[in-house]
Each structure stands twice: as C-alpha cells, then as structure tokens.
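Chemist: coords below, sequence missing:
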C-alpha cells in the first residue's frame with residue numbers, strides 16, 4: 001500500500017530563513033497548495049492522509065470540508081506549527097474532531113520532532129507518524145529507531161519510509177532533488193521490501209518557491225516547486241497506478 005500524507009499547516013518556513021511572512025500570506029499559500037493536491041488526488045482517485053494543525057483547519061474550513069467529502073483522512077499536526085506544548089496533543093485532537101465530526105486517530109509532530117509516545121497515547125491517538133528513521137545533519141538522528149512500522153506503549157509508530165540500504169530518506173526533499181526516475185525506483189524498491197511506502201509532503205511545495213528574496217530558500221528547497229511539483233506528483237502517482245499499486249490512508253493501513 002502506498003501511503004501519501006500531506007502536512008497542512010501555516011506556511012511559517014520562511015521564518016527559519018529569517019524572512020518575514022504575514023499570517024495572511026502563510027494561509028493563502030498553504031490553501032492554494034492544498035487545492036492543487038486535492039485536484040491531483042481527485043484526478044487519480046486515490047486517498048491520502050492530511051495532518052492538519054488546528055490553526056490551518058480553523059482558517060481553511062472549505063478546504064477541510066472538501067478533503068473530508070473526498071474521503072481523505074484528517075489527522076492532527078498539533079495546534080500550532082511553530083509552538084508546542086504537550087497539552088496540545090489532546091486539545092488539537094478535540095478541536096479537529098469538533099471541526100470534522102470524525103474521530104481523529106493519527107498524530108504527526110511538526111517538523112518530525114521527537115514527541116513523548118506516552119503522551120500521544122494518553123491523548124487518545126492510535127498511531128504516531130513522527131519519526132524519520134534516518135540521519136540528516138541538523139535535523140534528524142534516528143538511525144537507532146526501527147525503520148518500519150512497530151508498536152510502542154500501545155500505539156502504532158509509522159515511520160516515514162527510508163530505503164532498506166543506507167536508510168536514504170524518501171521524504172519531500174528527495175522527491176524534489178532526485179531525478180524522478182531514480183526516486184520512483186527507490187520508492188518501488190522500498191515498497192517491495194517493506195510491503196508499503198509512507199511518504200509525506202507539504203502544500204506549499206505545490207506553489208512556486210523560487211523567489212529567493214521573498215522566501216530565502218536555498219535551491220535544494222525551491223527546486224521543482226509549483227507547476228513542476230504538480231507535474232511530478234501527477235506522473236509519479238500515474239506510474240504507480242498503472243502498475244496496480246494500491247493507495248490508502250494511514251488509518252486504512254493500521255486496520256489492514
């Protein structure tokens with residue numbers, strides 16, 4: 001099963017590069033990107049999981065309504081994208097359930113930062129997808145973590161997919177920077193070994209991020225964004241669909 005997930009959030013990433021961006025612009029960019037994602041998923045009739053912050057959901061009600069009506073899964077990405085307290089685990093779940101009228105069973109920590117699994121369980125979640133089991137200088141050092149799905153303190157841990165050899169991460173940056181044929185080969189190889197593929201993206205990737213003056217992003221972040229990202233995702237999903245790969249949500253997966 002191919003598990004596509006998208007972290008829908010306030011687009012605060014320019015702040016990491018010392019660029020100012022208004023909340024209005026943060027939301028407008030993320031909303032526009034999420035609509036592009038939904039268009040692609042609708043075209044190919046595949047389901048995905050959307051990890052949403054409460055702030056995004058509250059400020060994009062029509063987008064949330066559309067993704068739910070299309071049969072996608074809504075999960076929690078915390079209350080805010082740039083601030084976290086352990087009380088946000090239960091609170092974000094409660095508010096998202098009120099917004100969606102659905103049970104929220106999944107959680108992903110913003111920026112894949114560490115989170116206390118006991119607190120995730122106490123908040124009522126059934127799975128946590130906050131681990132990128134690789135080493136990335138300045139960001140992750142999770143080589144000691146299991147590479148594939150495992151259970152801990154009574155909930156499922158679903159790490160992001162990395163290649164069986166060398167634990168090469170198959171996350172969004174790889175999708176942007178590798179030749180698409182190579183990324184697709186690595187994805188298929190990992191799926192063959194593990195029986196599933198868990199890869200994640202963000203809505204702002206589907207908008208043009210090449211304005212260095214505005215966003216401050218280095219080339220490896222802005223490469224193949226906007227229309228190029230839309231085209232690459234369309235090709236990627238189409239290739240897998242033609243080869244009869246199945247797609248599903250993370251909640252589908254843990255119940256499979």
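Modeler: Structure's in. What do you need? In this text, all values refer to a predicted model and were calculated from it rather than measured experimentally. Numbers count the residues shown, from 1 in each chain.
Chemist: use CA for all of it now, contacts and neighbours both
Modeler: Will do.
Chemist: Return the distance of residue 85 relative to residue 92.
Modeler: Here residue 85 is placed at a distance of 11 Å from residue 92 (CA to CA, to the nearest Å).
Chemist: which of these two has more neighbours?
Modeler: The neighbour count for residue 85 versus residue 92, taken as other CA atoms under 10 Å, is higher for residue 92 (24 against 9).
Chemist: ok, longest strand in the chain?
Modeler: Ranked by residue count and defined by DSSP state E, the top strand of the chain is strand 2-8.
Chemist: Could you check the angle the following helix or strand past that one makes with strand 2-8?
Modeler: Counting by DSSP states H and E, the element after strand 2-8 in chain order, helix or strand, is helix 23-44. Between the axis of helix 23-44 and that of strand 2-8 there is an angle of 160 degrees, by axes from the mean of the first three to the mean of the last three CA atoms, to 10 degrees.
Chemist: Which elements pack onto helix 23-44?
Modeler: Helices and strands touching helix 23-44, by 3 or more CA pairs under 8 Å, 6 or more residues apart in numbering; DSSP states H and E, are helix 61-69, helix 227-242.
Chemist: what residues does the last one touch?
Modeler: Helix 227-242 is touched from outside by 36, 37, 40, 44, 176, 180, 184, 205, 206, 207, 208, with contacts defined as CA atoms under 8 Å, 6 or more residues apart in numbering.
Chemist: And the pLDDT for the fourth one?
Modeler: In other words, residue 44. In the prediction, the pLDDT value recorded for residue 44 is 98.
Chemist: Can you list the residue ranges for strands in the stretch 101-250 of the chain?
Modeler: Assigned by DSSP state E, counting those that start in this stretch, the stretch 101-250 of the chain shows strands spanning 106-107, 127-128, 135-136, 140-141, 150-152, 155-157, 197-201, 247-248.
Chemist: Output the ones you listed as JSON lines; include the columns mean neighbour count, distance to residue 6 and mean pLDDT.
Modeler: Output for those, formatted as JSON lines (neighbours: other CA atoms under 10 Å; distance: least, CA to CA, whole Å; pLDDT from 0 to 100):
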{"stretch": "strand 106-107", "mean neighbour count": "27", "distance to residue 6": "12", "mean pLDDT": "98"}
{"stretch": "strand 127-128", "mean neighbour count": "26", "distance to residue 6": "14", "mean pLDDT": "98"}
{"stretch": "strand 135-136", "mean neighbour count": "14", "distance to residue 6": "20", "mean pLDDT": "92"}
{"stretch": "strand 140-141", "mean neighbour count": "15", "distance to residue 6": "19", "mean pLDDT": "90"}
{"stretch": "strand 150-152", "mean neighbour count": "12", "distance to residue 6": "21", "mean pLDDT": "96"}
{"stretch": "strand 155-157", "mean neighbour count": "20", "distance to residue 6": "17", "mean pLDDT": "97"}
{"stretch": "strand 197-201", "mean neighbour count": "22", "distance to residue 6": "5", "mean pLDDT": "98"}
{"stretch": "strand 247-248", "mean neighbour count": "20", "distance to residue 6": "13", "mean pLDDT": "98"}
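Chemist: Export those as CSV, with columns for distance to residue 56.
Modeler: Formatted as CSV, the entries for those read as follows, by distance: least, CA to CA, whole Å:
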stretch, distance to residue 56
strand 106-107, 15
strand 127-128, 20
strand 135-136, 28
strand 140-141, 25
strand 150-152, 29
strand 155-157, 24
strand 197-201, 16
strand 247-248, 23
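Chemist: who wins for proximity to residue 22 among these?
Modeler: Comparison of the strands of the stretch 101-250 of the chain against residue 22 by CA to CA identifies strand 197-201 as nearest, at 22.1 Å.
Chemist: Determine the angle, from 0 to 180 degrees, between the closest one and helix 23-44.
Modeler: Taking the same axes, to 10 degrees, one finds strand 197-201 and helix 23-44 inclined to each other by 140 degrees.
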